[in-house]
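Trainee: Build the 3D model from these lines:
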Amino acid sequence: MINKDHIINDFKKFRFVNSFEKNPSSDMLMFKQIKMNYDKNVYESKLFCYKNGEISRIRTQKKPIISKFYDDYSIIYVSKSEKQSKRFKSIISIQDISAKKSNQDFNIPFDISDFFVIDKYTILILSNEKIDEDIDKEDFKQEIERINFVENGAGYTYNDVSRLYIYNLSTQKYSKISDDYNVLDVTVDYKAKKIYYIANRIKQIYSPFNKVYSYDIVLGDNVCLYDKDDVEFTYINSLDREIIVMASYQKDYGVNENIKLYRLKDNTLSLYADNKYGIGNSINSDIRYKTKGSIKKHKNALYFQLTKDEKCSIYKLENGNIELFFDNITSVDEYEFLQDELIVYGFDRQNIGEIYSYKNNLLKNITEFSQKFEKHINSYKLEEIEYNSNNSNMKGYILYPQNFDENKKYPAILCIHGGPKTLYSSNFIYEMYLLSKQGYFVFFTNPHGSDGKDNEFADIRGKYGTVDYDDLMNFTDIILQKYNAVDSSRLGVMGGSYGGYMTNCIIGKTDRFKVAVTQRCISNWISFYSTSDIGYYFATDQNGCNFDVQKLWEYSPLKNIKNIKTPTLIIHSDEDYRCPLEQAVQMFTHLKLNNIKTKLLIYKGENHDLSRTGKIKSRVSRLEQILKWFEQNL
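Mentor: Next up, the predicted model:
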């Protein structure tokens, strides 16, 4: 039986971690701990610090939104932002770590998205502002003249811009250091006294290609280091007195092409270090909260997360060579270097996210936040399966139903990840655990298009719903051959985003699955092209064409809608601008007109990230509805 209270109680036990920051002396780490408050329907956070093996609470007078170290013994944080006379104002406070009240407060005339402490008197602010302050004065309409004008998770962004300011805490005066373009990423080189940043010019049509700049803190010089419009930069910093960038030309493998490292000199890029894998963490999880991948310069080397095979580890770039530095857990979500130890937060197989210390080649737990919950999942049994599909060596997983009896037959559910350039690993996923607890086998794999392997494997442009479909069907066949306890007449399929697209594709091609759940899906590439926040370049790129109606329709699940006989639950959010609601509505309308059992669930005020960062009551409801649908139809 489905018990909503069990889900709520599980959510109350979870503790998430993010926002690693270290002090100038590198002997103390600050982080946020987040928990779910179901009754208030909010995520609540607290600040903690770690030093010399001990964790202690940092109590603040106001509620911090962004927190940094001001010096070794004080923190500086943004507590709130409010609109006054059409402009936003933020409050920044400085407070001793051992105190409970702030020492100083500053009224900053910007909505702040991030900031950096340059020195005792100076901070660098990345603002959220309006290009035209008067354009919002009539709130009953939107005036749009450019694309992209909307962004998932942010709403209408056509009038938004991020700018860089130097703010003097002593004089409380500020100066703008970036022109009127959108600043995307910032790195401060404290030793060289330089600010490096990546920015997009504001154009009539948004392009993923951008430019890089440097600002000399001492001289006040602002220089464009690369002004061509042919590459997407993701990171810039200095290393060995050279400018090193992470970038992609997107010529060989499109928008999902793996990033390489280049040397930037005299407006020219030359290869510094080749890279075959996905930089960053692309491992799926529904029990992390807004962790942010990072690139760090430490002892004259660059360190970054890289996803290879089914692990996300830390790699080191030094003297033009990339080498593995740390892979002692399955998924590194955040990390920081202290004086004599590496601190990491992440997942180690079925262990839920914790903070670890790595020192003298020894790994030990700093936290045991999830110990209460993990006591209840001792029946969680996961097996790995190696197989070959489409001439590639693959890995998949199967999760046993709770209280498994080898003499019984069980229904099974195929889960498909989003992306497509993400992946599943052996780490714990709560929704799969819930399904296993309800008595289902759960099986999942990483078909062609997934991350963790090279560009060739990830490149399915113009092949959506073909080679990846074959991989998923081959894996299903292997599961049925290998596990006699799986009832082949009681198979379900579910997925979200790209996984929703593939769910739609699968039920349009085969009746072997008795029930389906499709979430935040794509059903029609033609309408997706002109309605998604990334559609006008992503749809054509991923389908290997220009705007070709016939080809876009050829790979649209809606093409095969009349073949679908599978009862289908469709879950979507009304503020999903990545895969817009109309994609779900089209699917629902046609299934209903074809007399197929279907239900459309629309979550109000939620976006594409409902299952990961959505409101807590919405997340509980979503899981409850999925379990009910499978119970009723499988």
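Trainee: any idea which element Tyr537 lies in?
Mentor: Following DSSP states H and E, the helix or strand that holds Tyr537 is helix 535-542.
Trainee: Is it correct that Glu631 falls within a helix?
Mentor: Yes: applying DSSP: H, G, I helix; E, B strand; the rest coil, one finds Glu631 inside a helix.
Trainee: if we can go back for a sec, pLDDT on the helix holding Tyr537, on average?
Mentor: The average pLDDT for helix 535-542 rounds to 97.
Trainee: do stretch 116-124 as well
Mentor: In this model, stretch 116-124 has an average pLDDT of 97.
Trainee: where are the low-confidence patches of the chain?
Mentor: In the predicted model, the chain carries pLDDT under 70 at residues 1, 81-87, 135-138.
Trainee: Mark out where each domain of it begins and ends.
Mentor: Per the record, the chain has its domains at 203-276, 377-633, by automatic domain parsing.
Trainee: tell me the secondary structure for Val620?
Mentor: Going by three-state DSSP: Val620 is helix.
Trainee: about what we covered before: figure out which of the domains of the chain is closest to Lys297.
Mentor: Closest of the domains of the chain to Lys297 is domain 203-276, at 5.8 Å (criterion: Cβ to Cβ). (Each C-beta comes from the backbone N, C-alpha and C, glycine too.)
Trainee: so how far is that closest one off the chain centroid?
Mentor: 22 Å (Cα atoms, centre = their mean, to the nearest Å).
Trainee: Span of that domain from start to end?
Mentor: Domain 203-276 has an end-to-end distance of 32 Å (Cα to Cα, to the nearest Å).
Trainee: still on that earlier bit, chain center to whichever helix or strand comes after the helix holding Tyr537: distance?
Mentor: The C-terminal neighbour of helix 535-542 among helices and strands, as given by DSSP H and E, is helix 549-554. Averaged C-alpha coordinates place helix 549-554 at 30 Å from its chain's average position (Cα atoms, centre = their mean).
Trainee: Next: stretch 299-307.
Mentor: 19 Å.
Trainee: Now for Thr589, which secondary structure element holds it?
Mentor: Going by DSSP H and E, Thr589 is in helix 581-593.
Trainee: quick one: contacts of that helix?
Mentor: For helix 581-593, contacts defined as Cβ atoms under 8 Å, 6 or more residues apart in numbering pick out 504, 518, 520-524, 527-528, 531, 557-558, 561, 564, 568, 570-574, 598, 600, 602.
Trainee: how does it look with 7 Å?
Mentor: Contact with helix 581-593 is made by 504, 518, 521-524, 527-528, 531, 558, 561, 564, 568, 570, 572, 574, 598, 600, 602, as judged by Cβ atoms under 7 Å, 6 or more residues apart in numbering.
Trainee: What sits closest to Tyr555 if chain neighbours are left out?
Mentor: Tyr464 (4.9 Å; Cβ to Cβ, 6 or more residues apart in numbering).
Trainee: which residues does the one you found contact?
Mentor: The contact partners of Tyr464, by Cβ under 7 Å, 6+ apart, come to 542-543, 555.
Trainee: Checking the residue in the chain sticking out farthest from the centre next. Helix, strand or coil?
Mentor: The centre of the chain is farthest from one residue, Asn407, which by Cα atoms, centre = their mean lies 41.0 Å away. Under three-state DSSP, Asn407 falls in the coil class.
Trainee: separation between it and Gly508?
Mentor: 36 Å (Cβ to Cβ, to the nearest Å).
Trainee: again with Lys551
Mentor: According to Cβ to Cβ, Lys551 and Gly508 sit 17 Å apart.
Trainee: picking that back up, of the contacts of Tyr464, which count as buried by neighbour count?
Mentor: Neighbour-count burial (16 or more other Cβ atoms under 10 Å) applied to these gives 542-543, 555.
Trainee: Please enumerate the helices of the chain.
Mentor: Listed in chain order, the helices of the chain (DSSP state H) span 4-13, 371-374, 430-437, 455-458, 467-482, 498-509, 525-531, 535-542, 549-554, 581-593, 610-613, 616-633.
Trainee: Which among those helices is found nearest to Val150?
Mentor: Closest among the helices of the chain, using Cβ to Cβ: helix 525-531, at 9.4 Å.
Trainee: Now do the buried residues in that closest one.
Mentor: Residues 525-529, 531 are the ones in helix 525-531 that count as buried (16+ other Cβ under 10 Å).
Trainee: Next, the contact list for Asp533, please.
Mentor: So Asp533 contacts 148, 150-152, 577-578 (Cβ under 7 Å, 6+ apart).
Trainee: Compute the number of surrounding residues for the residue nearest to it when sequence neighbours are not counted.
Mentor: Of all residues not flanking Asp533 in the chain, Tyr577 sits nearest, at 4.5 Å (Cβ to Cβ, 6+ apart). Neighbourhood size, Tyr577 [other Cβ atoms under 10 Å]: 24.
Trainee: hmm, back to that, figure out which of the helices of the chain is closest to Asn388.
Mentor: Comparing the helices of the chain by Cβ to Cβ, helix 467-482 comes nearest, at 8.5 Å.
Trainee: now the contacts of Asp533 in CSV, with distance to Gly320?
Mentor: CSV is the format used below for the contacts of Asp533 (distance: Cβ to Cβ, whole Å):
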residue, distance to Gly320
Asn148, 36
Val150, 41
Glu151, 36
Asn152, 37
Tyr577, 40
Arg578, 37
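Trainee: Which of the residues you listed fall within strands?
Mentor: Counting by DSSP state E, the contacts of Asp533 place 150-151 in strands.
Trainee: Would you point out the most distant pair within the contacts of Asp533?
Mentor: Among the contacts of Asp533, Asn148 and Arg578 lie farthest apart (Cβ to Cβ), at 11.5 Å.
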